[in-house]
Every structure is written in C-alpha cells, then in structure tokens.
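Trainee: Next comes the sequence, and after it the predicted model I'd like to discuss.
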Amino acid sequence: MGRKSTKENKSVYQEARDSLGWSREKAADEILKIDQGKYNYLDKYKLVKIEEESIRIHPEDIVALSKAYNMPELRNYYCCHQCEIGEKDVPQVTYSKGIHEILVNMAVTLRNVNHNKIRLMEILSDETISEDERDDFDKIYEELEYVAATVEALQLWCEKMKLRSDS
C-alpha cells in the first residue's frame, strides 16, 4: 500500500512535479516527448518509485526530469545529495535567489577575488603555504568556493530562462 503524500514526506522530485500541477501520467508523457530514446524510459511507475525514494535514481533520470520540468536545479540537488562524488565537491545552489540577488552576489564576490588575487599570487609563488600564510589562504579559498556557487546559480538561472524561451 502506498504511503499518503503529505508536505512532510514529499521528495524534492515529487515537490517539483506538484509545483507544475502535473499528474505522474502527465509528467511521464512530457518526459517521453523530450526523451526520444536518449534516456532510460521513465514511466509513471518508475516515477512513483523515484518520488518515494524506493529506488536509486540514475543520472539519466535526473536529466530527463530536469528537462521535462524545466528545473535544472534538480541536477544540482542530485549532485549535492545523491551522487557519491558530488556530495563532497558540488556546492548546493539555493534557487530562492532572484537574478538581481545573484548578480549582486557575483559582483561582490568578483570584487573580493580581484582584491585578493595579489595576496594569492604571493602565497602560491613558492608553491607552498607557510603557517603565516595559512589563514589568508583559507579565507581566499572559501571566497573562491562562494564564487563557484554563485556562478553555478547564475548558470542554472540562465539555463532555466533558455529552456523557457526555447519551448
């Protein structure tokens, strides 16, 4: 017997589909339109299992879902939470940010990187990081990670707009 769907137990994939107001049948039809043999066939039964998290979702399923739903952020979610490599290396992009906030963050982070580039070159010039350079290096490294997350947010936003204009 299937579990009752409540706000507390919906997976991110079910929330994505629900946000579109689509049934599983409609989602499977839309995926099939986009799929055209490129991905594993994703029918409503497999979609149930993905949404209930009773099977491991595959990268090709994420690609199909993200394209059909016009939600590239699903790929980022998968990489951050369900991919063994990505869990360690891929920054989580929060999609609550509008384009203006993303652009402001980009401007601020790039200004910080530009400001710190001379110090980074000084630290790395001898290809070692001494104890007196460690704090500065760690701070610059954190800022670079923030730049990467901001760039990823901007790329996802642009991709979403491109997909919207293509359809």
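Mentor: All right, it came through fine. Numbering: from 1, shown residues only.
Trainee: mind listing the helices in this structure by residue range?
Mentor: Using DSSP state H, the helices of the chain run over 12-20, 24-35, 44-51, 59-69, 73-81, 86-89, 99-124, 131-166.
Trainee: looking at the ones you listed, which has the lowest confidence?
Mentor: In terms of average pLDDT, helix 86-89 trails the rest of the helices of the chain, at a mean of 76.
Trainee: now the helices of the chain in CSV, with mean neighbour count?
Mentor: (Each C-beta comes from the backbone N, C-alpha and C, glycine too.) Formatted as CSV, these follow (neighbours: other CB atoms under 10 Å):
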stretch, mean neighbour count
helix 12-20, 17
helix 24-35, 17
helix 44-51, 16
helix 59-69, 20
helix 73-81, 20
helix 86-89, 12
helix 99-124, 14
helix 131-166, 14
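Trainee: Nearest spatial neighbour of Ile57, chain-adjacent residues omitted?
Mentor: Excluding its sequence neighbours, the residue lying closest to Ile57 (CB to CB, 6 or more residues apart in numbering) is Ile50, at 5.2 Å.
Trainee: quick one: pLDDT of Asp126?
Mentor: Looking at Asp126, the pLDDT reads 94.
Trainee: what's the distance between it and Glu133?
Mentor: Distance check for Asp126 against Glu133: by CB to CB, to the nearest Å, it reads 10 Å.
Trainee: Quick check: the gap between the most centrally placed residue in the chain and Ala28.
Mentor: For the chain, the residue nearest the mean C-alpha position is Asn76 (1.7 Å; CA atoms, centre = their mean). In this view, Asn76 and Ala28 are 23 Å apart by CB to CB.
Trainee: Quick check: chain neighbours aside, which residue is closest to Asn116?
Mentor: Asn116's closest residue in space is Ile140 (CB to CB, 6+ apart), at 4.9 Å.
Trainee: in terms of contact, does that neighbour touch Arg119 like I think?
Mentor: Yes - counting by CB atoms under 8 Å, Ile140 touches Arg119, with 6.8 Å between them.
Trainee: what's the overlap in contacts for those two?
Mentor: Common neighbours of Ile140 and Arg119, counting by CB atoms under 8 Å, 6 or more residues apart in numbering, are absent.
Trainee: So if we follow the domain assignment, how does the protein break up?
Mentor: With domains defined by automatic domain parsing, the chain comprises 7-89, 99-166.
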